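Engineer: no sequence on this one, just coordinates:
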Ligand SMILES: NC(=O)C[C@H](N)C(=O)O
């Protein structure tokens, strides 16, 4: 059914009839079944029917209210899009529509662009991109003296409203959850990331933070799809574990300490358990919370973070693991480009006129830099793979610029990683930052489970491992071939000062179970772990990883 052309708000009779319609399942509901795919404010914003559509219902939160003589211009969001829909509400109906309130509105989805002028002629009031960028409202107010002009001319006028053709002309208002704007901590003006972190239970209501969380959700869905297509099994390894996988002594202990008979910890990496599952299911992956009690108060560290880990069985060649990492990240970037959140983050900063939105965007990495990152992720050519030994050779001639001198055997400091990412990873021809794999680190500086390299470097023994480096952040992922032979694994444990268990004791806290995996059918295998929050921070250009998680936990902070 084609929507009826209606030029006036529905009557009270129509409105009350609508109240008896089947129960709503989504925040937006349009009357015509043919448009049942319109379920959210984002869908509604994109819907520009040629005629006005009555009986449209919108549930959402009031972002702002702008006053005009007889009406209020109310921005409504349901978290599905960075920018709101504009509702035009009669002054009398709008009394309790205050910033922060949850409301249900009913009205006509009205094409303000085609609003007749005093002579009954339809005028085109849409701003071109150039006009919008120039911040000009004059063409709008001139062609359409009253309502549409006011939309952008009002104090604090929302840029997005000026760029959409439609608005909701409200006939019925229900306040579902009231709000006192005097005390509501989210303001319709710029708030710094630091100040928002202090109200993490509410900051997801801000346009940027809600968009970041939607992108997080998109990324999770795309990665799940990627691994499903690659025929990896998604698994749920435990959060409470017996051992500190990385052996770095940074695990949080679980209380009460005697609950499980002996001490247990929050997992620092699910890798060891994934290895067990990989020996039963083949290729496996997980996106799991992981915890580190590192006292690093930096923009890259969280005490609770999500790690994407994958483990491949029957793999001898580490290149296959690195190929998987590249394929996965490329597929993710391609997928995100087709979805709203990433698009809004990219495009809205181009035509932003709302000062709060502009300032929020200004906190992000600049647009050119961000595009370089995306171009690199989308590159079809193989990302550079250089050995640790080659990396040290590249760092030594510029040693003067570092606080820590690059020496073979000393690992890589984050200043070294950033330098390598920017120098080796910069693809001049395409003006792109291509992630860089650094492989084959010295055996002493890496974890006990890594496979000793068949041919050592001239300077010493190495393991078959890699770190994936990107500019600004440094290490984004790390992986390795695992030592699958029992006696070699035991040697590694001794080298790293770990106790090698002698025999299996029930409920013990030792690594016997991990060694058991080498006793019965352990094929060559390898895998990786990628910091999901860091990846999101890299993709969105949000400089601090604390702002891409809903409730950040880091040294000395776990607010709610
Ligand atoms: N799954 C992995 O390879 C990640 C590794 N265990 C780490 O924590 O860095």
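Structural biologist: Everything's here; your move. All values derive from a computational prediction rather than experimental measurement. Numbering: from 1, shown residues only.

Engineer: can we go C-alpha only for contacts and neighbour counts from here?
Structural biologist: Fine.

Engineer: just the strands in the stretch 301-450 of the chain please.
Structural biologist: 304-313, 385-387, 426-427, 432-433, 436-439 (DSSP state E, counting those that start in this stretch).

Engineer: Figure out which of those strands is closest to residue 107.
Structural biologist: Proximity to residue 107 (CA to CA) singles out strand 304-313 among those, at 42.4 Å.

Engineer: by contact count, what packs against the closest one?
Structural biologist: helix 271-281, strand 284-291, strand 525-531, helix 532-540 (3 or more CA pairs under 8 Å, 6 or more residues apart in numbering; DSSP states H and E).

Engineer: Please repeat the previous calculation with a cut-off of 10 Å.
Structural biologist: Other elements packing on strand 304-313 under the criterion 3 or more CA pairs under 10 Å, 6 or more residues apart in numbering; DSSP states H and E are helix 207-229, strand 233-234, helix 271-281, strand 284-291, helix 318-337, strand 474-482, strand 525-531, helix 532-540.

Engineer: quick one: buried residues of that strand?
Structural biologist: 304-313 (16 or more other CA atoms under 10 Å).

Engineer: Enumerate the residues of the stretch 301-450 of the chain near the ligand.
Structural biologist: residue 309 (CA under 6 Å from any ligand atom).

Engineer: Next, count neighbours for the nearest residue to residue 425 once chain neighbours are set aside.
Structural biologist: Nearest non-adjacent residue to residue 425, counting by CA to CA, 6 or more residues apart in numbering: residue 434, 4.7 Å away. As a burial measure, residue 434 scores 29 neighbours (other CA atoms under 10 Å).

Engineer: ok, residue 372 - contacts?
Structural biologist: Residue 372 is in contact with 378, 426-427, 430-434, counting by CA atoms under 10 Å, 6 or more residues apart in numbering.

Engineer: about what we covered before: now the strands of the stretch 301-450 of the chain as JSON lines including distance to residue 45?
Structural biologist: Formatted as JSON lines, the strands of the stretch 301-450 of the chain follow (distance: least, CA to CA, whole Å):
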{"stretch": "strand 304-313", "distance to residue 45": "33"}
{"stretch": "strand 385-387", "distance to residue 45": "45"}
{"stretch": "strand 426-427", "distance to residue 45": "38"}
{"stretch": "strand 432-433", "distance to residue 45": "33"}
{"stretch": "strand 436-439", "distance to residue 45": "40"}
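
Engineer: between those, which gets nearest to residue 113?
Structural biologist: strand 432-433 (40.5 Å).

Engineer: picking up where we left off before, the residue nearest to residue 425 against residue 330, yeah?
Structural biologist: No. Using CA atoms under 10 Å, residue 434 makes no contact with residue 330, being 11.1 Å away.

Engineer: Chain neighbours aside, what residue packs nearest to the residue nearest the centre of the chain?
Structural biologist: The centroid of the chain falls nearest to residue 216 when counting by CA atoms, centre = their mean (3.1 Å). Nearest non-adjacent residue to residue 216, counting by CA to CA, 6+ apart: residue 536, 7.0 Å away.

Engineer: you'd agree residue 166 is up against residue 114?
Structural biologist: Yes. Contact criterion CA under 10 Å: residue 166 and residue 114 qualify, at 9.3 Å.

Engineer: who's more crowded, these two?
Structural biologist: residue 166 (25 against 19).

Engineer: and the closest residue to the ligand within the stretch 251-400 of the chain, how many neighbours does it have?
Structural biologist: Closest residue of the stretch 251-400 of the chain to the ligand, CA to the nearest ligand atom: residue 271 (4.4 Å). Residue 271 has 24 neighbouring residues, counting by other CA under 10 Å.

Engineer: which residues does it contact?
Structural biologist: Counting by CA under 10 Å, 6+ apart, residue 271 has contacts 237, 245-246, 277-278, 285-286, 309-311, 479, 526-529.
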